[in-house]
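In: The following comprises the amino acid sequence and a computationally predicted model.
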Amino acid sequence: MSAPLAAGDPCLLFDSKGRRYLMNLTPGRVFQYHLGSLPHDDIIGTGDGSIHTSSKGSRLTAIRPRLSDYVLKMERGAQVVYPKDAGWVLVSADIGPGMTVLEAGTGSGALAMVLARAVGPTGRVVSVERRDDHHAHASRRIAGFFGEVPPQLELRQGAVEDVIAEIAPDRLVLDIPEPWHIVPEAAETMPDGSVYCAYLPTVPQVQETRRAMAATKRFIDVVTVEVLVREWPIEGRSVRPAHRMVGHTGFITTGRKIAGAPVSATDQEE
């Protein structure tokens, strides 16, 4: 059984129409919407999934948000990496417990939260952000979900170029406008077998990144993908694809760092 909802916890309220409202539970505060109000104190101490009634008699379900819920509903500074893309980053870059991950930029902190959870308490995530306003906003949003910034997550302000040699990460995850400038240093300082991953919105950015990776002759298994997600409403015998879908949000490019130039077809034995 999960612990009761406590002061400071993130909470997601569902109304009768399935609309969602995200908040952090704060003693003395009151949630208000078009169908009435509900004091936070009425929710604090109740169970995960408990039912409540607004001042106008409407039912609200209080539940602890998943990380994906929190990312999509939280107040944003920079555009977030969508859960569908974050999931592919974890799988394609093979990010798991105990690894050291270097991320840039932090933005609103969405991907940093996913990475911190993936590496676990034995791992390390260093997330670097150039802009001081994004750095401060991400710190608040991350603490709002976890209760504090997790000990395995270090938020730095600055440029990734200044720390990549120091960190020598197992995985490098970049959500910055020009990640191709980092490629030569990544090829020199990342351990052999590590993974370079770049998240980019446009084709020209992807082309520049792929050209830079090819020029170093130190990356193999370089792949670029786009993740599309479409929900299927199911109501009795009515089963159909949704009219709207989460289409293009970004391209994800990954490549594995190797010790020397990749083996060419002419180098292979018959």
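Out: On my side now, so go ahead.

In: where does Ser241 sit relative to Ile63, distance-wise?
Out: In this structure residue 241 is Pro, not Ser. To Ile63, Pro241 is 27 Å away according to C-beta to C-beta, to the nearest Å. The way it works is simple: take the backbone N, C-alpha and C, and place the C-beta from them, glycine included.

In: got it, and Pro121?
Out: On the measure of C-beta to C-beta, Pro121 and Ile63 end up 25 Å apart.

In: Same drill for these two, tell me which one is more crowded.
Out: Taking neighbours as other C-beta atoms under 10 Å, Pro121 and Ile63 compare with Ile63 leading, 17 against 11.

In: Can you list phi and psi of that one for me?
Out: Phi and psi for Ile63, reported as degrees, to the nearest 10, are phi -140, psi 150.

In: How about the contacts made by it?
Out: Counting by C-beta atoms under 8 Å, 6 or more residues apart in numbering, Ile63 touches Cys11, Leu12, Phe14, Asp48, Gly49.

In: What ranges does the stretch 1-150 of the chain have for its strands?
Out: 10-14, 20-24, 30-33, 36-39, 50-53, 59-63, 100-104, 124-129 (DSSP state E, counting those that start in this stretch).

In: ok and the second one relative to strand 59-63, angle-wise?
Out: For strand 20-24 and strand 59-63, the angle between their directions (axes from the mean of the first three to the mean of the last three C-alpha atoms, to 10 degrees) works out to 50 degrees.

In: how about the helices in the stretch 1-150 of the chain?
Out: For the stretch 1-150 of the chain, the helices defined by DSSP state H, counting those that start in this stretch cover 40-43, 67-73, 83-92, 110-119, 132-146.

In: Of those helices, which is nearest Thr26?
Out: Closest to Thr26 of those is helix 40-43 (C-beta to C-beta; 5.5 Å).
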